[in-house]
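# Sequence below, structure please.
(chains A and B, ligands or ions: 1)
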Amino acid sequence: MSSLSATIQNVFNEPGCGKNANKSEAERKKGCTKQLQPGGAAGGCAFDGAKIALQPITDVAHLVHGPIACEGNSWDNRGAASSSSNIWRTGFTTDINETDIVFGGEKRLYKAIKEIIDKYDPPAVFVYQTCVPAMTGDDINAVCKAASKKFGKPVIPVNAPGFVGPKNLGNKLAGEALLDYVIGTEEPDYTTPYDLNIIGEYNLSGELWQIKPLFDELGIRILSTISGDGKYREVAYSHRARAAMMVCSKAMINVARKMEERYGIPFFEGSFYGIEDSSDSLREIARMLVDRGAPDDLIGRTDVVIAREEAKAWAAIEPYKPRFKGKKVLLITGGVKSWSVVAALQEAGLELVGTSVKKSTKEDKERIKELMGQDVHMIEDMTPREMYKMLKDAQADIMLSGGRSQFIALKAGMPWLDINQERHHAYMGYVGMVALVRQIDKALYNPVWEQVRKPAPWDDPAENWQNKAIAQMDIEAAELAADPVRAEAARRARNICNCKVVDLGTIEDAIHDHGLTTVQGVKDHTSASGGCGTCSERVQGVLDAMLAMPAALAAE
Amino acid sequence: MVAITTSKKACAVNPLKMSQPIGGALAFMGLRGAMPLLHGSQGCTSFGLVLFVRHFKEAIPLQTTAMSEVATVLGGFENVEQAILNIHKRTKPEIIGICSTGVTETKGDDVEGYIKLVRQKHPELENFPIVYVSTPDFKDAFQDGWGKTVARMIEVLVEVPAHLARRDPQRVNVLPGCHMTPGDLDELRTMIEDFGLKPSFLPDLAGSLDGHIPDEFTPTTIGGIGVEEVASMGQAGWTIAIGEQMRRAAEALQAKTSVPYRLFNRLCGLGPNDAFIMFLAEISGRPVPVKYRRQRGQLVDAMLDGHFHIGGRKLAIGAEPDLLFDVSSMLQEMGAQIVVAITTTQSPVLGLVVTDDVLIGDLEDLEMLAKERGGDLLITHSHGRQAAERLQIPFFRMGLPMFDRLGAGHLVSVGYRGTRDLIFSISNLLIADAEEHHKPTPDTWRITNAELPDTRIGVEAA
Ligand code: SF4
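Predicted coordinates:
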């Protein structure tokens, strides 16, 4: 366990993470792990995150050491696509029982590895640790080492038992396993000056293949993707690439940064969601490869391809403009968190609501990303009734989101498009953006909405449940308005920090009683913004409002 | 004699089984205003949530005590307390149902003790309904978790009737196993009501997860049976239990309230429904409505039409014991041969399956044995899709999870009518398969060259 906690500390110290750089020493130690709220949380565990990150390596056997819950309830449920092997979709688990808990499960694990190698002969076996064997003290590192020696095959321990933290920590721990045991252990047959790694991309719905033809055309070779449609050997020799692109999410920043440190492979953070981001990324890749010694005509050739693809994409989107005129999109996204998607949707004539986006300029980019991030958080905390009211108030024509808001939207008769990780459509690159626009059009103009919104012939429209819910909320609001005492109580009861459940009143009192002036001060007194930290802006807002108040009023 | 064996493998490949706690959580979802809560790390809940969302295509209420690594060592009192308080405050449920997991069972958390303490510390929770059930992941399977949870609900929530004479002979309790879909429950309700009886289903997924548009927005379950109705189950004349997994719950109810029970271990097929209908007629004192006389005739007709396609089929089935026994028996009665039967956990009904051996194993076993024994009809849950692709035999999805087809909640197999429709669905699948893959060609019956006599003149035989 001690080595695992060291690894976790190490991951938290990630200097490549922008968020981290702004944190104090003590804060950094605590890591990005938000303190979970019992009875108010339902994210995936670290094991889940590790498996998401590595399972797209398609020719490897992924063996889960634990009780049936970890693998039995979840296997073969991801949308990553493979161009060849299917062994990654096979669910392998030791399914430990009471005896293994009492006497230890190491023997069973060793036998399980042997069975897999005998029957399936994969190039490597990845072994995932889970909570129960971690508690009983099964040493998977030792078992993997012994098995590797005995069977002459890489057997890689992935030490990310669920209870050490959330999914994103698991992503990083998976990256550490690759760095420790896989990357740099094999050599490619040959190299080229155009060898590129793509890190943190999982090939969901095969979206990598929306980009790959462009690379092929430019002669850029994807030496290795970590890990979408990956093969064990490709990951093992990925240290020979000339440059790397880290796909937007910070999931595997530790891999990108450490590969730069160890093997001198420079990387940049980019995205293939949206037209402009795709072009920026292609340009950056060309520039980096040329920097590392590729012939410099690559830059010119890339520009030609970009110009052609952009023109094609805009031309394909053009016909939708009149159809999208006046249509409003409510965009709440955890998956496609790209400013450039917003820009492209606006360009297609859609109006974005709910993220308080006007016409976005490049400077707004970071801000919009943040706003979208916050809304995700907000919506997770909403009751379904509030969510419905928000949809109504936004007067949106369609909602783009992931997760549990789906059923609220659909049951409220609102067109909805899935843009989370389990989506069935690929939205990457130029063709992907056009596909997204086409899907929106399909959803918006489907005649089914008119059908499902029709009330039953025996229903009184005023009495329908949606209207009743809204009416009830309006009554509550009116009652509040008429009753200043209750209104004040309601105002103060509004949650500011969702992780730690700290309401506005508590924060105002703390600011007032202790004369606080900084977010840090508020955190020290109330622990607000001490979780995931996204609410620190809101806390700042409260501070600003209080400080602006005349002293006499505030003293009341 | 059926040989019942357990797989000797160290590594389960392509699991058929799912864990106990989520079976328990699903049972709680059949209560009105419920919030199921898994006492364990957050990941276990997240996986369960995704599984049910993909199966039912509904928002699913499920919470976690979010045990961290440190909390698992120190014990989970604070997490249980906080979770209960938070849920109580934020979602205002009518009941909280708690299932333990592998993590908290390994440590040995005394959750019953915790709940007592929580009630002491927070008087507002003194009479708030909370049911706890122990369901470690490393033991038993999904249907066991369901069965145990229903039994616990009865032990905790049902009131001992003060006056035995106050029994309402028209009331019947129905305890359905987890192999009953919301559609099955609707069918059963109709049948029971047609005899003038008033059924109380525990749990009642038909009210909560049947895909209806809700009348209100709530974060807890919508529909389902109310706590007060469960409390009054001791006033019923009879209890009907469906599936062997419900015996424990039926016995608990009988022990507490002395309401007698009758257990139907199957409700798919002609014989089981004859028995069921006659039982309803008997306890209601009413004649069998014409409707069911007609439906029985339709089923008999469907069996005659379907036996041409189902007869002689070699069935390879993977399912939890009650579902396996129910469906395989019905097909066996129409001439199918059960060549492979794979299940998840021990059960007395396994001995009643008409086959040589039943294996407690996984989908790898199902696939390999189906290949070895020439299976030509595969029935299991959606995870069988990979095996079906490789085996190239017709595949009918039954059980949970069913994430890659629509209408999982409305697949009906009970009653004359449900059985009739199931026979049609399976037969049609077999007909389509025959048309697609087994059309005769000039080569279908060709004898290989080596077998043919050489009749050529003037050519030396090789
Ligand atoms: S939290 Fe632990 S026990 Fe639960 S699914 Fe994740 S690894 Fe398995």
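# from here on, contacts and neighbour counts on C-alpha atoms
Fine.
# Show the pLDDT at residue 263.
With no chain named, the answer covers chain A. The model reports A:Tyr263 with a pLDDT of 97.
# You answered for a different chain; I wanted chain B.
So, for B:Leu263, pLDDT stands at 98.
# Can you tell me the strand partners of the strand or helix carrying it and which way each runs?
Per DSSP states H and E: B:Leu263 is located in strand B:261-264. Sheet pairing here is set by DSSP bridges, and for strand B:261-264 it gives strand B:236-242 (parallel).
# From the chain's centroid, how far away is the partner strand?
19 Å (C-alpha atoms, centre = their mean, to the nearest Å).
# Show me what secondary structure element comes after that strand.
Moving toward the C-terminus from strand B:236-242, the first helix or strand encountered (DSSP H and E) is helix B:247-257.
# what's the neighbour count on the residue in chain A that the ligand sits nearest to?
Chain A approaches the ligand most closely through A:Gly162 (3.6 Å), counting by C-alpha to the nearest ligand atom. Residues within reach of A:Gly162, counting by other C-alpha atoms under 10 Å in any protein chain shown, total 30.
# Is there a neighbour count for B:Arg167? I'd like the number.
16.
# One more: A:Ile306?
By other C-alpha under 10 Å, 21 other residues sit near A:Ile306.
# Where does pLDDT dip in chain B?
Scanning chain B with the threshold set as pLDDT under 70 gives B:164-165, B:210-218, B:460-462.
# ok, which stretches of chain A are strands?
All strands of chain A, identified by DSSP state E, fall at A:61-65, A:92-93, A:125-129, A:155-158, A:195-201, A:221-227, A:243-247, A:267-270, A:328-331, A:351-353, A:398-401, A:416-418, A:495-497, A:502-503.
# meant to ask about the stretch 51-200 of chain B, not that
For the stretch 51-200 of chain B, strands defined by DSSP state E, counting those that start in this stretch occupy the ranges B:63-64, B:95-100, B:130-133, B:168-176, B:198-201.
# about what we covered before: between the strands of chain A, which gets nearest to B:Thr419?
Closest approach to B:Thr419 among these (C-alpha to C-alpha): strand A:92-93, 35.4 Å.
# Point out the other helices and strands that the closest one packs with.
For strand A:92-93, the elements it packs on are strand A:61-65, helix A:68-72, strand B:12-13, judged by 3 or more C-alpha pairs under 8 Å, 6 or more residues apart in numbering or on different chains; DSSP states H and E.
# I figured the residue of chain A closest to the ligand hits A:Ala50, correct?
No - using C-alpha atoms under 8 Å, A:Gly162 is not in contact with A:Ala50; the gap is 9.3 Å.
# now for the strands of the stretch 51-200 of chain B, which one comes closest to B:Glu435?
Between the strands of the stretch 51-200 of chain B, strand B:168-176 lies closest to B:Glu435; by C-alpha to C-alpha that is 38.1 Å.
# show me the contacts for the closest residue to A:Arg486 other than its chain neighbours.
Spatial nearest neighbour of A:Arg486, excluding adjacent residues (C-alpha to C-alpha, 6 or more residues apart in numbering or on different chains): A:Leu480 at 6.0 Å. Residues in contact with A:Leu480 (C-alpha atoms under 8 Å, 6 or more residues apart in numbering or on different chains) are A:Arg486, A:Ala487, A:Ala490.
# what do you get for A:Ala493?
With contact taken as C-alpha under 8 Å, 6+ apart, A:Ala493 is in contact with A:Asp503, A:Leu504, A:Gly505.
# and residue 93, how many residues sit next to it?
By default, I'm working from chain A. The number of residues packed near A:Thr93 is 28, by other C-alpha under 10 Å.
# wrong one, I was asking about chain B
Counted with other C-alpha under 10 Å, residues neighbouring B:Pro93 total 20.
# which ones are touching the spatially closest residue to it that is not a sequence neighbour?
Counting by C-alpha to C-alpha, 6+ apart, the nearest residue to B:Pro93 once its immediate chain neighbours are dropped is B:Gly33, at 5.1 Å. Contacts of B:Gly33 were listed using C-alpha under 8 Å, 6+ apart, and they are B:Pro93, B:Glu94, B:Ile95, B:Thr220, B:Thr221, B:Ile222, B:Gly223, B:Gly224, B:Gly226.
# Now do the contacts for the first one.
Translated: B:Pro93. Contacts for B:Pro93 were tallied using C-alpha under 8 Å, 6+ apart; they are B:Gly33, B:Ala34, B:Met35, B:Ile87, B:Thr220.
# separation between the spatially closest residue to the fourth one that is not a sequence neighbour and B:Leu369?
What it means is B:Ile87. Using C-alpha to C-alpha, 6+ apart and skipping the chain neighbours, the partner closest in space to B:Ile87 is A:Gly39 (5.6 Å). Noted for A:Gly39: a distance of 44 Å to B:Leu369, by C-alpha to C-alpha, to the nearest Å.
# Which of the two has more residues huddled nearby?
Relative neighbour count places A:Gly39 above the other of A:Gly39 and B:Leu369, with 29 against 17, counting by other C-alpha under 10 Å.
# any idea how far the more buried one is from B:Ala83?
Computed as C-alpha to C-alpha, the A:Gly39 to B:Ala83 distance reads 4 Å.
# And B:Glu333, by the same measure?
Distance, B:Glu333 to B:Ala83, by C-alpha to C-alpha: 50 Å.
# So between those two, which is more surrounded?
Applying other C-alpha under 10 Å to B:Glu333 and B:Ala83 shows that B:Ala83 carries more neighbours, namely 23 against 17.
# Can you name the residues that contact that one?
So B:Ala83 contacts A:Gln37, A:Pro38, A:Gly39, A:Gly40, B:Thr64, B:Thr65 (C-alpha under 8 Å, 6+ apart).
# want to throw the helices and strands packed on strand A:92-93 into JSON lines with distance to B:Glu69?
Below are those laid out as JSON lines (distance: least, C-alpha to C-alpha, whole Å):
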{"stretch": "strand A:61-65", "distance to B:Glu69": "17"}
{"stretch": "helix A:68-72", "distance to B:Glu69": "16"}
{"stretch": "strand B:12-13", "distance to B:Glu69": "27"}
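# is it possible to export those to JSON lines including mean neighbour count?
Shown next, in JSON lines, are those (neighbours: other C-alpha atoms under 10 Å in any protein chain shown):
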{"stretch": "strand A:61-65", "mean neighbour count": "28"}
{"stretch": "helix A:68-72", "mean neighbour count": "26"}
{"stretch": "strand B:12-13", "mean neighbour count": "26"}
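# Now A:Pro56: phi and psi?
phi -60, psi -10 (degrees, to the nearest 10).
# and it, how many neighbours does it have?
So A:Pro56, with other C-alpha under 10 Å, has 27 neighbours.
# export stretch A:205-214 as PDB, just CAs?
Output in PDB follows, covering the C-alpha atoms of stretch A:205-214 (Å, rounded to 0.1, in the frame of the first residue of the first chain):
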ATOM      1  CA  SER A 205     -17.600   5.300 -31.400                       C
ATOM      2  CA  GLY A 206     -14.500   5.000 -33.700                       C
ATOM      3  CA  GLU A 207     -14.100   8.800 -33.800                       C
ATOM      4  CA  LEU A 208     -10.300   8.500 -34.100                       C
ATOM      5  CA  TRP A 209     -11.000   7.200 -37.600                       C
ATOM      6  CA  GLN A 210     -12.600  10.500 -38.500                       C
ATOM      7  CA  ILE A 211      -9.100  12.100 -38.100                       C
ATOM      8  CA  LYS A 212      -6.800   9.300 -39.200                       C
ATOM      9  CA  PRO A 213      -7.400   9.700 -43.000                       C
ATOM     10  CA  LEU A 214      -6.100  13.200 -42.800                       C
END
